[in-house]
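*Asks:* I'd like to go over a predicted model; first the sequence, then the structure.
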Amino acid sequence: MYTMQLELPELGIPLTIERNMTLAEFEAFCFANPDLHIERESDGKLIIMSPVSFISGDRENEIAIDLGLYARQYGGRALSSSTGFKLPDSSVRSPDASYVTDQQLEPFSEEDLRHFLAVVPVFITEILSPTDSLKEAKDKMQDVWIANGVKLAWLVDIDNDRLWIYRADGTVDLVSPLDGVVTGENVLPGFEFDLKWFKK
């Protein structure tokens, strides 16, 4: 018997399910509870996250706007923070913003797209909230996103005026303060984001 923990970090209250869920069961559980934002770790543990504050939602939307406009011009799909991706390590994760190329989507049918897709975004962004642990967020960037095949990832700490750029080759750059423009480099050619939109 496997006890699966559902973390409610704000309350400090663990809930348990006394049986491991398959990925299909996890998807059905999520779709049956659309008001919950849930991720699945590679060991089967579920993490339930609370809705974000107004300012956090506004900051997430700024990058989503520019990604959406980029996708309209260059192709591919820009996905919202509610999108679940089935990653190679068996986790199911939902970044704050993400981008998938048209080539990545070619093998999938219309029916596939109605489920959590087994595809790794080429680009993701995570924005720290006041309750997030910086160490855990950094570990997630390296051990989840980059380790599973993301090519370019941004971790944004707006309250402390800094952004980390993670790349598939293992390099990490710190941008501080949040001034100027960051780009999609060779992963999203032509994509630019003006950091002033995080500080309006």
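*Replies:* Perfect, I can see it now. Numbers count the residues shown, from 1 in each chain.
*Asks:* buried sites along stretch 115-135?
*Replies:* Using 16 or more other C-beta atoms under 10 Å as the test for burial, stretch 115-135 gives 116-117, 119-129, 132. Glycine gets a C-beta too; all of them are placed from N, C-alpha and C.
*Asks:* of those, just say which sits nearest to residue 110.
*Replies:* Residue 110 lies nearest to residue 117 out of the buried residues of stretch 115-135, by C-beta to C-beta, at 11.8 Å.
*Asks:* that older thread, need the buried residues of stretch 115-135 in CSV with distance to residue 43, secondary structure and pLDDT, can you?
*Replies:* Shown next, in CSV, are these (distance: C-beta to C-beta, whole Å; DSSP: H, G, I helix; E, B strand; the rest coil; pLDDT from 0 to 100):
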residue, distance to residue 43, secondary structure, pLDDT
116, 17, coil, 86
117, 21, strand, 93
119, 21, coil, 97
120, 19, coil, 98
121, 22, coil, 98
122, 26, coil, 98
123, 26, strand, 98
124, 21, strand, 98
125, 25, strand, 96
126, 20, strand, 95
127, 25, strand, 92
128, 24, coil, 89
129, 24, coil, 83
132, 21, coil, 83
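*Asks:* can you tell me the SS state at residue 156?
*Replies:* Three-state secondary structure (criterion: DSSP: H, G, I helix; E, B strand; the rest coil) places residue 156 in strand.
*Asks:* who does it bridge with?
*Replies:* residue 127, residue 163 (DSSP bridges).
*Asks:* do you know how far it is from residue 175?
*Replies:* To residue 175, residue 156 is 9 Å away according to C-beta to C-beta, to the nearest Å.
*Asks:* joint contacts of those two?
*Replies:* Common neighbours of residue 156 and residue 175 (criterion: C-beta atoms under 8 Å, 6 or more residues apart in numbering): 162-163.
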